[in-house]
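**Student:** sequence and predicted model, in that order:
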Amino acid sequence: MDSGFEQAHKAWLDYHLNARKGERLRRLESGHGYLEKEFLEKVWWPAFGTLDDLHPQYEVPDYNDGKRYLDQAYKPKSIRLGLEADGFFPHIRNIDRWDHADNVLRDLHLFADAWTMLHFSADVIKYRSRQAQQLLRQIVWAREGRGAWGAASLEARELLRIVRKNDGTIGLKEAIELLGKSPNTVRKSFRELLDRKLLRPTMPGAKRIRGYEMTQAGRDIIL
């Protein structure tokens, strides 16, 4: 058992229990399901090492003017990702044709509202977790990169191209020399790329940032 995950999961769940009310709180208090937690422990946590921007039992409007609840919702600034952990019996063997049709309509409705819905079966979570991790990273990074890059400034685009040509890492002084722009302009571009999660400090824990490197989302962008 990963003690780092257990600590992070408890803090994350406690936060949402304190922050929620109504039906969302009732659902969380009745138990964050075993399969939902197993998905986080075996797939999400190994893939990203954080539970930031994840919301359990996330409430969404129903296409019949009601409310539905997603097992998990991943909602950073740029994307909407719904994550469902599906057990075999309740989701396949014990479902009738009209419930199945209702579930399909729900996913189509969410797709129309710019959600991407991902379903992970119990067997994939348990026996194919490495494959699920890889696919999940590709899906998340591609969507975060697409959203982050689409509205980036010309200066930030130019800086990211320079970083890529420089084998994916660069320092502030070197960037100023290569770009031929003022220090303030280059710093602003660095901040923009950091905010968009396309760059990160090479030494995240250091008090002073001495260099930057591309994230996987930055590498995945087609320049």
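**Tutor:** Looks like it arrived, so ask away. Keep in mind that what you see is a predicted model, and the values were worked out from it rather than measured.

**Student:** CA atoms for contacts and neighbours, from now on please.
**Tutor:** Will do.

**Student:** lowest average confidence, helix or strand, in this structure?
**Tutor:** Comparing helices and strands within the chain by mean pLDDT, DSSP states H and E singles out helix 88 as the least confident, with a mean of 65.

**Student:** quickly find the element holding His16.
**Tutor:** helix 3-19 (DSSP states H and E).

**Student:** now for whichever helix or strand comes after that helix, which elements pack on it?
**Tutor:** Following helix 3-19 in sequence order, the next helix or strand is helix 22-29 (DSSP H and E). For helix 22-29, the elements it packs on are helix 3-19, strand 54-61, judged by 3 or more CA pairs under 8 Å, 6 or more residues apart in numbering; DSSP states H and E.

**Student:** so which of these is the most packed in?
**Tutor:** The highest mean neighbour count among the helices and strands packed on helix 22-29 belongs to strand 54-61 (a mean of 17), with neighbours defined as mean count of other CA atoms under 10 Å.

**Student:** taking helix 22-29 as reference, get the angle to that one.
**Tutor:** Angle of strand 54-61 versus helix 22-29, following axes from the mean of the first three to the mean of the last three CA atoms, to 10 degrees, is 140 degrees.

**Student:** what are the pairing partners of the next helix or strand after strand 54-61, and which direction each?
**Tutor:** Along the chain past strand 54-61, the next helix or strand (assigned with DSSP H and E) turns out to be strand 67-74. Sheet pairing here is set by DSSP bridges, and for strand 67-74 it gives strand 54-61 (antiparallel), strand 81-86 (antiparallel).

**Student:** show me where the protein has helices.
**Tutor:** 3-19, 22-29, 34-39, 45-48, 88, 97-112, 122-127, 129-150, 154-165, 172-179, 183-195, 216-220 (DSSP state H).

**Student:** thank you, goodbye.
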